[in-house]
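Asker: Using only what follows, build the 3D model:
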Amino acid sequence: MNNLTKILAGLFAFTLIALFIMNNMGNNSAINQMRANAPANTMMYFEGKGDQSLYEFSEQYFNVMTNSEALTTQNIQEVIPTQYVELFTNYMTFMSEISEQGLTQLMQDVGLVVDGYSVLYLDGLSPVSHFEINDADNFRGFIEQFETNVIRKKIEDSEILLWSFGEFQLALTMTNKIVTIALVNNQISDLRIQDVLGLTQTQASIADSSELERINDRYQFNMFQGFLNLDQIARALIGKNAQFEEDMMNLDSSWLMQLRSSVSQNCQNDFLKVVQITPKYVFGYKQIDITEKGLLFNLSAVLEISDKQLAKDLMLLNSHMPVIDISHDALVGWYMGANLTNVNTLLAKYFPLIQAYEFECEQLTELQTKLDNQTLAKLTMGLQFVKGIKSVGGYLFDLDLGQYNDINSIDAFVSVVADDPASLALMAKTLPMVNALDISTTSASLGMISEMYGVADAQIKISGSHIVGFSGEKSTQIVDSFSEEELNENGIMSMSMNYARYMDLMSSTILKNAGEMDSEVCSQMYKSLSVYKDLIGNIAFKLSFNENGFVYDSQIQYNSINSQDVIPTGEFEFYLFEDCELYPADSELINPDGTGSFSTMDYDGQCEIYQSKYTWKQEGKQFVYTETSAQEREYCDEDWIDVDLSEVESVYCDIFRISDSEFECEYTDEEYGVSSIYKYKRKI
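Answerer: From the prediction side, this is the model:
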């Protein structure tokens, strides 16, 4: 095993973990020292603080990843490019170590501070990460296992460890119980590598600026926070970032030189001016809560708008986003829209300003000449046809698809929200297929539209501010509630999803349309979907404008995973997944005393045609059972016949998913090379 890929896999895992579990920021000597090393003109910066409760919660996910047979070395080789197989395999090995030892224990063994601070930023082109250690000897011991590939370099009083690969080097140093890791090019000068690793004083740092204080004051991020400096990214592209230029000198920069030469100096200047309208993309966690149900976190991101009046005016675009009670457990919901009445107001204000602005860039000036008053008139006239519309969207609660994706049944609604839905309905009746519909406050059939999409009971009506087409029990309840709804100005787009139900729908749809898909591929796909659907609960996000700019707010629920290793007992429904088919359930009893029984119904479900008793045990991640007696018959009116079990062998089924109420395992017939998946779901 290549030591370099081992350390890269570990560092990659560490970075993912750090970004996920960075928590409450503070102000101590460690974080201040880290900030003092980050250049003020960095293009990217993240910071945060570890939290043991988040580490412990995240360990559930490492258990799932490493326990899943869907992530075998063989499968990795099939889906990952060859040059990355070893790296990804070592990454999974690292995840396995976390699963076995626990993340907190592993960090302590390595010498890391469990609740320590960490930062990640760009110094020119070099990604740099700082994190705290409390036991330098333990950390050195951890690093020693990679010394066969290491190059030790002494620069003044500092020792730097370097691992070389291709055009780049991984550099590591320790100073005052802070570890610094950076990815640098292999032609880097001694002076530059000292600068990148924070071994020399940074002339202008993040700590010297007031930027982090401004972000804290404005957004109240009390957890992980960071930003992308779009202004500095733009400056780097046109040659106005000194660190970036020095790093590019040692790399193939022909593409960048070609880009710069194709854009005139005037256009570069105007490009900077345009970017300065939205100079930063700021993000951070607003809230993280760990409950019995799982981890709920809110991430907020803002594309900042520097012109405060423009930001205030854009808030006029916010429109109605329906708020649906999550207890209805919608599979997916989506709305988008804008206050179109205010769009005309904004066009009237800003169109002349764009026309009058003195651009230096030839292409922008040419474009400007095409934006005449006639263009504005056409835009304004076009908006008159949809004036008063607030938003469009819908929710899907249940969907059952046939083998060829035809709709067997659906519970969903689609609506148009308007200031005056009755007038909009009259206007819509001028359109083909809509003119025959009776759109009023009384439900009416969708007629030909309903038949076209195979939804026989679909209806349409005006409810409150909605013109809504709907079908199904849950949708009918929601539609009726619209009559009491008040219009809001929540944003321009919103979406929510029940991840587990979405994965179930995806699984059933794929499998119904599997066709001639190889059975082994089917099994692997089923296992992957089955394992990962448990991880995430509900996902929701909203886009809107506020006084700071263009805002993305999201809420994600990570489920608590029952990571028990013990097979549950009780009365179960038994499913067999074989040859891309999930066959109907039989009944099975698994007793705590190591005995069990199951029976199989005939094709019509009229009677039992097979009955069996067995003994069972659990060996690690295997469910092992051996039939002790069995009887069968071909038809319901026939007598039972005892089954000869003298040569029966024990069945070993590899468990890949387990909880307190169900488990799934894969049985492979070694003689025929055929795999089957057994699913046991406790009866309610």
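
Asker: Could you report the separation of residue 468 from residue 168?
Answerer: 57 Å (C-beta to C-beta, to the nearest Å). Every residue, glycine included, has its C-beta placed from N, CA and C.

Asker: can you check residue 137 too?
Answerer: Distance check for residue 137 against residue 168: by C-beta to C-beta, it reads 29 Å.

Asker: which of these two has more neighbours?
Answerer: Under the neighbour definition other C-beta atoms under 10 Å, residue 137 and residue 168 were set side by side, and residue 168 has more, 15 against 9.

Asker: confidence score at residue 513?
Answerer: What the model reports as pLDDT for residue 513 is 66.

Asker: for the protein, where's the lowest mean pLDDT among helices and strands?
Answerer: helix 3-21 (a mean of 47; mean pLDDT, DSSP states H and E).

Asker: Which elements pack onto the next helix or strand after that helix?
Answerer: Sequence order places helix 29-37 as the next helix or strand after helix 3-21, per DSSP states H and E. The contact analysis (3 or more C-beta pairs under 8 Å, 6 or more residues apart in numbering; DSSP states H and E) places helix 29-37 against strand 44-49, strand 117-123, strand 126-132, strand 178-185.

Asker: So which residues make contact with helix 29-37?
Answerer: Contacts to helix 29-37, defined as C-beta atoms under 8 Å, 6 or more residues apart in numbering, come from residues 25, 47, 49, 116-119, 128, 130, 132, 176-178, 180, 198, 201-202, 205-208, 212.

Asker: How about stretch 379-390?
Answerer: 319-320, 337, 339-341, 343-344, 347-348, 416-420, 423-424, 465, 487.

Asker: at 10 Å instead, please
Answerer: 319-322, 335, 337-341, 343-344, 347-348, 351, 371, 392, 416-421, 423-424, 427, 465-467, 487-489 (C-beta atoms under 10 Å, 6 or more residues apart in numbering).

Asker: residues of it that come out buried?
Answerer: For stretch 379-390, a neighbour-count test (16 or more other C-beta atoms under 10 Å) marks 388, 389, 390 as buried.

Asker: Quick check, pLDDT for the last one.
Answerer: We have a pLDDT of 91 for residue 390.

Asker: Spell out the secondary structure type for it.
Answerer: Classification of residue 390 using DSSP: H, G, I helix; E, B strand; the rest coil returns strand.

Asker: returning to what we had before: and the helices and strands packed on helix 29-37, which is most packed in?
Answerer: Stretch with highest mean neighbour count among the helices and strands packed on helix 29-37: strand 117-123 (a mean of 25; mean count of other C-beta atoms under 10 Å).

Asker: quick one, helices of the stretch 501-650 of the chain?
Answerer: With helices called from DSSP state H, counting those that start in this stretch, the stretch 501-650 of the chain shows them at 519-532.

Asker: how many other residues sit next to residue 208?
Answerer: Residue crowding around residue 208 was assessed by other C-beta under 10 Å; the count is 13.

Asker: distance of the closest residue to it other than its chain neighbours from residue 171?
Answerer: Leaving aside its sequence neighbours, residue 208 sits nearest to residue 40 (C-beta to C-beta, 6 or more residues apart in numbering; 6.3 Å). Using C-beta to C-beta, residue 40 is found at 22 Å from residue 171.

Asker: okay, these two: which has more neighbours?
Answerer: Between residue 40 and residue 171, counted using other C-beta under 10 Å, residue 171 has the larger neighbour count: 22 against 16.

Asker: what about that one, helix or strand, and which?
Answerer: Using DSSP H and E, residue 171 falls in strand 168-175.

Asker: now swap in residue 200 and tell me
Answerer: Using DSSP H and E, residue 200 sits in no helix or strand.

Asker: Residue 223 is nearest to which of the helices and strands packed on helix 29-37?
Answerer: Nearest to residue 223, of all the helices and strands packed on helix 29-37, is strand 44-49, at 6.9 Å by C-beta to C-beta.
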